[in-house]
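1. For reference, the sequence and a predicted model appear below.
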Number of protein chains: 2
Amino acid sequence: MSDVIGIIGGTGPHGHGLALRLREAGHRILLGSRDAVRAAEVVAELPAPVAPGGGTIEGVDNDRAAREGDLVIVTTPWDGFEGVGAAHAGALAGKVVVSCANPLQFVGGGPMPVRLPDGSAAELLQRLCPEARVVSGFQNVSAVKLGKLDAAVEGDVLLCGDDEDAVARVAALVTDIPTLRPINAGPLRLSAVAEDLTALLISVNRRYRTNASIVVTGVATGVDGGEG
Amino acid sequence: MSDVIGIIGGTGPHGHGLALRLREAGHRILLGSRDAVRAAEVVAELPAPVAPGGGTIEGVDNDRAAREGDLVIVTTPWDGFEGVGAAHAGALAGKVVVSCANPLQFVGGGPMPVRLPDGSAAELLQRLCPEARVVSGFQNVSAVKLGKLDAAVEGDVLLCGDDEDAVARVAALVTDIPTLRPINAGPLRLSAVAEDLTALLISVNRRYRTNASIVVTGVATGVDGGEG
């Protein structure tokens, strides 16, 4: 039986895009919102599975997503992390927790990384949930593409984390989405690099009128990038 | 006739790797060092061109590279930029100047970006050389691969700059190296994203025992990414 995946703050495009893709892979998803009614409404409007009989998506409150998820993905924006920590640090203790946030600001209409005192959004989440096994990832994956099940969502997912087993579990989740590839990119302290990359990709998207992803070349697919 | 390319601080692997590749494309290169004798020694030891009759590489002092280069590439490490500005800001005024620096530190043996007060090495160089038309690029291109003329050096070169014409000129230089592709990634204030990416790629290189590059997918080759 597949793990239950909790998604905190899952009603935005990134959260429900990931939910749709992971449902195709057969996972049971608890899509969380501060308001369980709102979560249920979002879930009711999601497109039907392409692979029916795969997994399920249930709209729940964030508390249930945190408590019942075997692995929990946080798609709350970084400036909501204080609230996530205050409400759910206990429930997340010991669990693999995925930080997807991009600390971004728009200056003069253009994207810019926000420099956080903790170094990155993922390190902020780790400080607020000290017993969680935080891994950062999925920041650079287009929410738009995730949500369109009739097309592939391609690219590499850069994973940063200090707990090798937790990184391996998130890497396995990435490979459940067939056209994405996990890259073990190093410790959590490198998360800002992956987070900030989103600002640059948004800039590229505007200039080239596209929906760009990143691929790391020279890395053999299937290599897990364990202790190196 | 091809432009003269000056390279300040060019005797390290990145500088002479770029010189070798640009010589193949027919450019006249002035490879600079603080010590012209040292520069001449480095040039004397460089491998012969694969495409003889293309360009030339001459070892010179940095001052001559700055004064005589139509376009000047700075491969000095970022912590030498103060010296570059003090010595060459006048000679670089009005010129297209390429910042290749990666502000990196090694913490506990692992790579980490260095946060600079100016935001990035490229913005530091721009402050120190206020009349130069600074473009950042080539940070993520492997010096090792640049130096091996018998193999392709693949990947995308992320270019950041505030002067669109200067970015276009550096993009043309990138396309002179056949297997590299320029990506117009936005304003100079996004340079730190490309600079910091090198720390992550070094981390990937260690884990996967490779020499990784970055590619932006979804960008049509040949599109110049002008005003978007």
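-> Here it is on my side, so go on.
2. relative to helix B:191-208, how tilted is the helix ranked longest in chain A?
-> The longest helix of chain A (DSSP state H) is helix A:191-208. Counting by axes from the mean of the first three to the mean of the last three Cα atoms, to 10 degrees, helix A:191-208 lies at 120 degrees to helix B:191-208.
3. what's the offset of helix A:191-208 from the middle of its chain?
-> 16 Å (Cα atoms, centre = their mean, to the nearest Å).
4. tell me which residues in the helix or strand of chain A with the lowest mean pLDDT are buried?
-> Sorted by mean pLDDT, DSSP states H and E, the helices and strands of chain A end with helix A:143-147, the least confident at a mean of 90. Neighbour counts using 16 or more other Cβ atoms under 10 Å in any protein chain shown place A:143, A:145-147 of helix A:143-147 among the buried residues. Using the backbone N, CA and C atoms, a C-beta is placed for each residue, glycine as well.
5. Stretch A:38-46 too?
-> Within stretch A:38-46, the residues that count as buried by 16+ other Cβ under 10 Å are A:39-40, A:42-43, A:46.
6. At the geometric centre of chain A, which residue do we find?
-> By Cα atoms, centre = their mean, chain A has its centre lying nearest to residue A:100, at 3.8 Å.
7. Tell me which residues touch residue A:23, please.
-> A:29, A:49, A:54-57 (Cβ atoms under 8 Å, 6 or more residues apart in numbering or on different chains).
8. Looking at these, spot the one nearest chain B.
-> residue A:49 (25.6 Å; Cβ to the nearest Cβ).
9. low-confidence ranges in chain A?
-> For chain A, the stretches with pLDDT under 70 are A:1-2, A:221-228.
10. That one: strands as residue ranges?
-> A:4-8, A:28-33, A:56-61, A:71-74, A:96-99, A:104-107, A:110-113, A:133-136, A:155-161, A:180-186, A:213-217 (DSSP state E).
11. Please state the offset of the first one from the chain centre?
-> Meaning strand A:4-8. 10 Å.
12. before we move on, what about the second one?
-> In this view, strand A:28-33 has its centroid 13 Å away from the chain centroid, taken as Cα atoms, centre = their mean.
13. Also the last one?
-> Centre-to-centre, strand A:213-217 and its host chain are 17 Å apart (Cα atoms, centre = their mean).
14. What of the third one?
-> Using Cα atoms, centre = their mean, the mean C-alpha position of strand A:56-61 is found 17 Å from that of the whole chain.
15. Specify the angle between that strand and strand A:4-8 in degrees.
-> Orientation of strand A:56-61 against strand A:4-8 (the same axes, to 10 degrees) gives an angle of 40 degrees.
16. Show me what strand A:56-61 is packed against.
-> helix A:13-24, strand A:28-33, helix A:36-44 (3 or more Cβ pairs under 8 Å, 6 or more residues apart in numbering or on different chains; DSSP states H and E).
17. Using CSV, list the CA coordinates for the least confident helix or strand of chain A.
-> Presented in CSV, the C-alpha positions along helix A:143-147 are these (Å, rounded to 0.1, in the frame of the first residue of the first chain):
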residue,chain,number,x,y,z
ALA,A,143,2.7,24.6,-11.4
VAL,A,144,0.9,25.2,-14.7
LYS,A,145,2.5,22.1,-16.2
LEU,A,146,1.9,20.0,-13.1
GLY,A,147,-1.8,20.7,-13.4
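18. Quick one: check that helix for contact with chain B.
-> No - interface with chain B: helix A:143-147 contributes nothing (Cβ under 8 Å from any Cβ of the partner chain), its closest point being 9.1 Å away.
19. how far away is the closest residue to residue A:181 other than its chain neighbours from residue A:215?
-> Sequence neighbours aside, residue A:156 is the residue nearest to residue A:181 in space, at 5.0 Å (criterion: Cβ to Cβ, 6 or more residues apart in numbering or on different chains). Going from residue A:156 to residue A:215 by Cβ to Cβ, to the nearest Å gives 5 Å.
20. so who does residue A:211 touch?
-> A:142, A:144-145, A:205, B:218.
21. Make CSV out of these and add distance to residue B:171.
-> Formatted as CSV, the contacts of residue A:211 follow (distance: Cβ to Cβ, whole Å):
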residue, distance to residue B:171
A:142, 25
A:144, 27
A:145, 27
A:205, 18
B:218, 18
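22. ok, the residue nearest to the centre of chain A touching residue A:73?
-> Yes - here residue A:100 reaches residue A:73: they are 6.5 Å apart, a contact under Cβ atoms under 8 Å.
23. what residues do those two have in common as contacts?
-> A:18, A:138.
24. What is the neighbour count of the residue lying closest to residue A:31 once chain neighbours are set aside?
-> Nearest non-adjacent residue to residue A:31, counting by Cβ to Cβ, 6+ apart: residue A:10, 4.1 Å away. Counted with other Cβ atoms under 10 Å in any protein chain shown, residues neighbouring residue A:10 total 30.
25. Might one say that residue A:10 is in contact with residue A:34?
-> No - between residue A:10 and residue A:34 there is no contact under Cβ under 8 Å: 10.7 Å.
26. So for residue A:156 and residue A:215, which residues contact both of them?
-> Contact criterion Cβ under 8 Å, 6+ apart; residues shared by residue A:156 and residue A:215: residue A:181.
27. out of these two, which sits in the more crowded spot?
-> residue A:156 (24 against 19).
28. Tell me how far the more buried one lies from residue B:138.
-> Distance, residue A:156 to residue B:138, using Cβ to Cβ: 21 Å.
29. Next: residue A:19.
-> Residue A:19 is 40 Å from residue B:138, by Cβ to Cβ.
30. what does residue A:215 give?
-> Counting by Cβ to Cβ, the gap from residue A:215 to residue B:138 is 19 Å.
31. cool, residue A:171 as well?
-> Per Cβ to Cβ, residue A:171 is found 30 Å from residue B:138.
32. ok, now residue A:177?
-> As for residue A:177, its distance to residue B:138 is 33 Å (criterion: Cβ to Cβ).
33. which one of those two has more residues nearby?
-> residue B:138 (28 against 22).
34. hang on, isn't the more buried one packed against residue B:102?
-> No - counting by Cβ under 8 Å, residue B:138 sits too far from residue B:102 to count as a contact (9.9 Å).
35. Tell me how many other residues surround the nearest residue to residue A:43 once chain neighbours are set aside.
-> Residue nearest to residue A:43 in three dimensions, not counting chain neighbours: residue A:59, with 3.9 Å by Cβ to Cβ, 6+ apart. If you count neighbours by other Cβ under 10 Å, residue A:59 ends up with 26.
36. ditto for residue A:141
-> Residues lying near residue A:141 (other Cβ under 10 Å) number 26.
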